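>>> only geometry, no sequence info:
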């Protein structure tokens, strides 16, 4: 079928924030658009909100008045579902209720032509289930936009069991023509993003639950070392804990209580208390008037070492060697297993185990684990976790070294895998499982996580940079520490690590 021509009429059912946003996207691409909502006045309100948003763009010089008028001229509200009959593509964006969606699509089948493509913007309901009662389920697919639809690039094109591949391909090509970054996915719980993103929240909540670090410190490390735009607790407060918890519980139940998706008792307590985040004025942070913002734990200044011995290759942390030399510290290289010696301190990139267990197993004195960074040169903060056997002098030497490299240092408790490393490895693990289970391709999962939730790198691309054997080792360290199936390694990572394979050329 190919891309829908701009002469094709697009209809959007539901004129809330998402529906109105989708209508704006289609009109911006040049299509005539019909906007319908069953609630009286809702379609007009949705159109008015689009107009307000466009006015702001004109004021900021991001759009000309002519472009605004042209876009609005292609948008028209209708008062009856029957009026969407001319549409070649109908996108449903109503409430997340299976029966209501089935009713709407059942009506649309009697109103629209047999070759009309029907799409649901559902973020959580099975496309297979929505289409199960239709006469032509092969004409239905998911077209999941992300909020705000005019801004966010990602569109998940979701194929149910009956979806015709040509229909999915047409939606994919059309979304691309609209300036979006579409990805194909099968209709499985959470699709791509809502499934793969679970560890971003879950691992932070686990570290908090174990007293590894406080909320502000975990958020700071994830942003300033991991390169994420928001910390997990900031993001949960923004989303709303009722919403975030409901999605986690939905995915957990849909996967028959797989421990990988286990909900958090901490978040459940917040929901019970009504501390839902920004919208209630309090969540992990207090948003009340005059409330003081929590600050991350940051180590006091310490002296830099005059010399560092690098024992063996440092893998993904090899960039530290150049940074140490640039700081004017003498570097001596020796053979070894990837350790940095700075005075009484032995520094090692976390391998998923407790630093305490690692020190005991290898007989290492003064061991301090450091966390993963997206880019060690650009990172402004690093987390350190001393082993229980490590004395204060070694800790100070470790702090002084990273401060000499221009980093703020957060000392956290000795939790397995620390913060960024365990989060990234678990994100990669879930992404690999999605690929292994034929939900999507490796390319599509990385596109989805970067374009849908603004991750600094796709999780599989990031795993390749770390090294798949190293990712496997971190997950094995987490399993050894916790003894939980939650941290089992994806079979696809195991295979590729064993064969020296990669996800992307």
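Okay, I see it. What you see is a predicted model, and the numbers here were worked out from it, not measured in a lab. Numbers count the residues shown, from 1 in each chain.
>>> Which parts of the stretch 351-500 of the chain are strands?
For the stretch 351-500 of the chain, applying DSSP state E, counting those that start in this stretch gives strands covering 367-370, 381-386, 408-411.
>>> Contacts made by the longest one with the rest, please.
What it means is strand 381-386. Outside strand 381-386, the residues that touch it by Cβ atoms under 8 Å, 6 or more residues apart in numbering are 213, 217, 220-221, 224-225, 296, 298-299, 347, 350, 355, 367-371, 373, 394-395, 398-399, 402, 407-415, 418-420. All C-beta spots, glycine's among them, are computed from the backbone N, C-alpha and C.
>>> Just the buried residues out of these, in ChimeraX syntax.
Listed next is the ChimeraX selection for buried residues among the contacts of strand 381-386, using 16 or more other Cβ atoms under 10 Å:
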select :213,217,220,221,224,225,296,299,347,350,355,367,368,369,370,371,373,394,395,398,399,402,407,408,409,410,411,412,414,415,418,419,420
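>>> Name the helix or strand for residue 268, please.
Per DSSP states H and E: residue 268 is located in helix 265-273.
>>> by contact count, what packs against that helix?
Taking 3 or more Cβ pairs under 8 Å, 6 or more residues apart in numbering; DSSP states H and E as contact, the helices and strands that helix 265-273 lies on are helix 198-209, helix 241-254.
>>> which residues in the stretch 151-300 of the chain form helices?
Remark: helices assigned in the stretch 151-300 of the chain by DSSP state H, counting those that start in this stretch are 165-177, 193-196, 198-209, 215-224, 232-239, 241-254, 265-273.
>>> now those helices in a markdown table, with distance to residue 23 and mean pLDDT?
As requested, the helices of the stretch 151-300 of the chain are exported to a markdown table (distance: least, Cβ to Cβ, whole Å; pLDDT from 0 to 100):
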| stretch | distance to residue 23 | mean pLDDT |
| --- | --- | --- |
| helix 165-177 | 14 | 98 |
| helix 193-196 | 22 | 97 |
| helix 198-209 | 31 | 98 |
| helix 215-224 | 34 | 98 |
| helix 232-239 | 24 | 96 |
| helix 241-254 | 23 | 94 |
| helix 265-273 | 33 | 97 |
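>>> want to throw those helices into CSV with distance to residue 69?
Formatted as CSV, the helices of the stretch 151-300 of the chain follow (distance: least, Cβ to Cβ, whole Å):
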stretch, distance to residue 69
helix 165-177, 22
helix 193-196, 35
helix 198-209, 41
helix 215-224, 41
helix 232-239, 34
helix 241-254, 36
helix 265-273, 45
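>>> Mind checking those for the one nearest to residue 311?
Nearest of these to residue 311, taken as Cβ to Cβ: helix 215-224 at 25.5 Å.
>>> Could you report the distance from the most far-flung residue of the chain relative to its centre to residue 400?
Residue farthest from the centre of the chain, counting by Cα atoms, centre = their mean, is residue 306 at 40.7 Å. As judged by Cβ to Cβ, to the nearest Å, residue 306 and residue 400 stand 10 Å apart.
>>> Same question for residue 142.
53 Å.
>>> More neighbours: which of the two?
Using other Cβ atoms under 10 Å as the criterion, residue 142 and residue 400 rank with residue 142 on top: 29 against 19.
>>> so how many other residues sit close to the nearest residue to that one once chain neighbours are set aside?
Using Cβ to Cβ, 6 or more residues apart in numbering and skipping residues adjacent in sequence, the residue nearest residue 142 is residue 158, 2.7 Å away. Number of residues near residue 158 (other Cβ under 10 Å) recorded here: 30.
>>> Surely residue 158 is in contact with residue 183?
No. Using Cβ atoms under 8 Å, residue 158 is not in contact with residue 183, being 9.6 Å away.
>>> Which pLDDT value belongs to the residue farthest from the centre of the chain?
For residue 306, the model assigns a pLDDT of 95.
>>> now residue 1
pLDDT at residue 1 comes out at 67.
>>> Pretty sure residue 282 sits against residue 289.
No. In this structure, residue 282 is not within contact of residue 289 by Cβ under 8 Å, at 11.8 Å.
>>> Select, out of the helices of the stretch 151-300 of the chain, the one closest to residue 149.
helix 165-177 (11.0 Å).
>>> got the buried residues for that closest one?
Residues 167, 168, 169, 170, 171, 172, 173, 174, 175, 177 are the ones in helix 165-177 that count as buried (16+ other Cβ under 10 Å).
>>> how much space between the fourth one and residue 349?
Separation of residue 170 from residue 349 (Cβ to Cβ) stands at 47 Å.
>>> Skipping adjacent residues, who's closest to residue 90 in space?
Nearest to residue 90 is residue 11, by Cβ to Cβ, 6+ apart, at 4.5 Å.
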